[in-house]
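Asks: Need a 3D model of the following:
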Amino acid sequence: MTGTKAVQNNDLIQGKCFIKGKTLNVLYDSGATHSFISNDCVQHLQLPISSLENNLIVSTPTNKFVIANKVCLDCPIFIGDRKFLVNLICLPLSQLDVILGMDWLSSNHVLLNCAEKSIIFSDSKDLSISLSKPIRKFSWGKVQGYLILSSMEAKEEADLKNIAIVQNFPEVFPNDIPGLPPDREIEFSTDFIPGTEPLSIAPYRMSPSELAELKKKLEEFLEK
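Replies: So this is what the prediction gives:
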């Protein structure tokens with residue numbers, strides 16, 4: 001499949017990303033082990049490149065092999081409001097600007113929603129489950145494969161036996177309230193002298209002369 005066909009194919013998960021403020025076409029490919037960027041983008045954006053320690057032989061869907069030996073290390077890519085630093089291998093791509101493969105998908109815990117043709121950023125490492133229909137291209141002979149995305153949220157109820165200190169006083173934490181609190185040896189209460197009435201203190205009010213004097217002193221204090 002050429003880059004032009006990939007862009008026009010609605011079965012692929014594609015989107016937009018930004019590098020140096022430039023809008024680029026990106027393909028999210030779970031079949032690619034690495035992430036790539038087109039040579040034209042590297043030249044147009046003047047991205048710094050480094051040499052790979054060893055040549056990388058890339059197999060294409062047309063059964064052709066391309067030798068890659070250049071990479072853009074920690075290239076900043078913006079997807080939505082998120083920033084990622086990705087090692088992008090330089091490749092002669094046509095129509096496609098960036099391919100984000102399994103190295104990026106796995107390291108950032110990104111889920112591919114094939115039905116909605118979208119990606120999901122998971123900020124947690126919890127297992128998730130979503131069963132899909134069998135995929136034809138993963139079927140051969142009488143053997144049939146399935147693509148499974150799973151989602152699971154494990155919740156564990158607290159057990160008193162596993163809580164320090166609390167486990168020594170199970171009677172304090174019963175499952176049901178048995179009734180009123182039991183009688184204690186020492187009763188705590190506040191006793192009043194017979195005939196005592198609640199205290200009532202009238203609010204303090206200042207005379208006009210006192211208020212004027214206070215205002216004068218405050219103004220003098222603020223002027224200092």
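
Asks: so is Ile77 in a helix, a strand, or just coil?
Replies: On the three-state scheme (DSSP: H, G, I helix; E, B strand; the rest coil), Ile77 is labelled strand.

Asks: What separation do you get for it and Lys22?
Replies: Separation of Ile77 from Lys22 (Cβ to Cβ, to the nearest Å): 11 Å. (Glycine included, C-beta is placed from N, CA and C.)

Asks: swap in Glu219?
Replies: Glu219 sits 63 Å away from Lys22, taking Cβ to Cβ as the criterion.

Asks: Which one's more surrounded, Ile77 and Lys22?
Replies: Between Ile77 and Lys22, counted using other Cβ atoms under 10 Å, Ile77 has the larger neighbour count: 21 against 11.

Asks: who's in contact with that one?
Replies: 17-19, 83-86, 98 (Cβ atoms under 8 Å, 6 or more residues apart in numbering).

Asks: if you set the cut-off to 10 Å instead, what comes out?
Replies: 17-20, 24, 26, 35, 37, 83-86, 88, 98, 100, 104 (Cβ atoms under 10 Å, 6 or more residues apart in numbering).

Asks: In strands only, show me those.
Replies: 17-19, 24, 26, 37, 83-86, 88, 98, 100 (DSSP state E).

Asks: Ends of stretch 172-182, what's the gap?
Replies: The straight-line separation of the ends of stretch 172-182 (Cα to Cα, to the nearest Å) is 12 Å.

Asks: How far off centre is it?
Replies: 43 Å (Cα atoms, centre = their mean, to the nearest Å).

Asks: and what of stretch 36-43?
Replies: Taking mean C-alpha positions (Cα atoms, centre = their mean), stretch 36-43 and its chain are 29 Å apart.

Asks: Only alpha carbons, please: show that stretch as PDB.
Replies: Only the C-alpha atoms of stretch 36-43 are listed here, as PDB (Å, rounded to 0.1, in the frame of the first residue of the first chain):
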ATOM      1  CA  PHE A  36       9.000   7.000  11.200                       C
ATOM      2  CA  ILE A  37       9.100  10.400   9.600                       C
ATOM      3  CA  SER A  38       9.300  11.300   5.900                       C
ATOM      4  CA  ASN A  39      12.600  12.600   4.600                       C
ATOM      5  CA  ASP A  40      10.700  15.600   3.000                       C
ATOM      6  CA  CYS A  41       9.400  16.600   6.500                       C
ATOM      7  CA  VAL A  42      12.900  16.400   8.000                       C
ATOM      8  CA  GLN A  43      14.300  18.600   5.300                       C
END
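
Asks: hey, which helix or strand in this structure has the poorest pLDDT?
Replies: In the chain, the helix or strand scored least confidently by mean pLDDT, DSSP states H and E is strand 128-131, which has a mean of 37.

Asks: Which parts of this structure are helices?
Replies: 3-8, 39-45, 102-107, 208-223 (DSSP state H).

Asks: Format those helices as TSV; extra columns: mean pLDDT, distance to Phe173 and mean neighbour count.
Replies: Shown next, in TSV, are these (pLDDT from 0 to 100; distance: least, Cβ to Cβ, whole Å; neighbours: other Cβ atoms under 10 Å):
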stretch	mean pLDDT	distance to Phe173	mean neighbour count
helix 3-8	51	61	14
helix 39-45	92	63	16
helix 102-107	91	44	15
helix 208-223	86	57	9
